[in-house]
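1. Quick one, structure for this:
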Amino acid sequence: LKPDLIVITGDYLNLSYVDDPIARADVRRILAQLKAPLGVYATLGSPPVDPRHSTPSLFEGGNIQLLRDEVAVLNLKDGRKLSLIGMDCEHDLQSDSSAFENLISLAPEDSARVLLYHSPELMPLVQQYPVDLYLCGHTHGGQVRLPGYGAILTSSATGKRYEMGRYDEQGTTLYVSRGIGLEGLSAPRMRMLCRPEIILFDLSGGQPDA
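-> Just a heads-up that it's a prediction; the model follows:
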């Protein structure tokens, strides 16, 4: 696809192989292949899948910047700015909401703002703030979907409200990716009516004020 920018929003290993050295080596090998002119940025996913004591080491010595409750401001060639707001996902709505409210104040007012957070659970809050694009995954689109019903299970506090795809609310666009992997442990190693996906976005906007 040769994108200008690559972002990844967590869950880098199947839950059954979080501490498996072969799986970890494979992840590092795959991540090392990701390159883009404006950089590659990542956030951590769910704590059981991306343990805080071990997952960050997957990025050590590589070309991917892991954003852990921080804002990266990209200065584009045409004078515009793009703020990437990268958050750890603890699935604690109170603490994660507080972290988001602190971070949004760090993004320059004259920049476009993209939130990178593993789960769609913050959308009811985020849409109250000037966030242009909110990218996440977590739900796998249900992974197993039924005709006429959709996702059987999303593992999200928002249930089926944001199960996959695009949602536009109060000026914020949310995209919930189905991702490319499978759940681990006792979950079925299958997808049904839920193809894996990698999304390419074309971003455009007005010129900055003179």
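
2. which residues in the protein form helices?
-> 21-31, 93-104, 123-126 (DSSP state H).

3. Just name the most buried of those helices.
-> Mean neighbour count, computed with mean count of other Cβ atoms under 10 Å, is highest for helix 123-126 among the helices of the chain, reaching a mean of 20. No exception for glycine: its C-beta is placed from N, CA and C like everyone else's.

4. List of residues touching that helix?
-> Ser97, Phe100, Glu101, Leu115, Tyr134, Thr158, Tyr162, Tyr167, Glu169, Thr172, Leu174 (Cβ atoms under 8 Å, 6 or more residues apart in numbering).

5. per-residue pLDDT, the residue nearest to the first one when sequence neighbours are not counted?
-> The shortest distance from Ser97 to any residue other than its chain neighbours is 5.3 Å, reached at Leu125 (Cβ to Cβ, 6 or more residues apart in numbering). You'll see Leu125 listed with a pLDDT of 98.

6. same check, this time on Ala210
-> 39.

7. Gln207 now?
-> 55.

8. Let the chain start at 2 from now.
-> Okay, residue one is now 2; in that scheme the one you just asked about reads as Gln208.

9. tell me the mean pLDDT over stretch 175-193?
-> On average, stretch 175-193 scores 91.

10. Could I get the contacting residues of the closest residue in space to Ser17 that isn't next to it in sequence?
-> Setting aside the residues directly before and after it, Ser17 is nearest to Gly185 in space (Cβ to Cβ, 6+ apart), at 3.6 Å. Contacts for Gly185 (Cβ under 8 Å, 6+ apart) come out as Asn15, Leu16, Ser17, Tyr18, Val19, Val50.

11. ok, and the most crowded of the contacts of helix 124-127?
-> Leu116 (27 neighbours; other Cβ atoms under 10 Å).

12. wait, that residue sits on Ser84?
-> No - taking Cβ atoms under 8 Å as the definition, Leu116 is not a contact partner of Ser84, at 9.3 Å.

13. Wait, Leu35 touches Ile7, no?
-> Yes - in this structure Leu35 lies within contact range of Ile7 using Cβ under 8 Å: 5.4 Å.

14. intersection of neighbour lists for the two?
-> Val41.

15. Pull up the gap between Tyr118 and Gly149, please.
-> 30 Å (Cβ to Cβ, to the nearest Å).

16. Over to His54?
-> With Cβ to Cβ as the criterion, His54 and Gly149 are 43 Å apart.

17. now do Gln66
-> According to Cβ to Cβ, Gln66 stands 42 Å off from Gly149.
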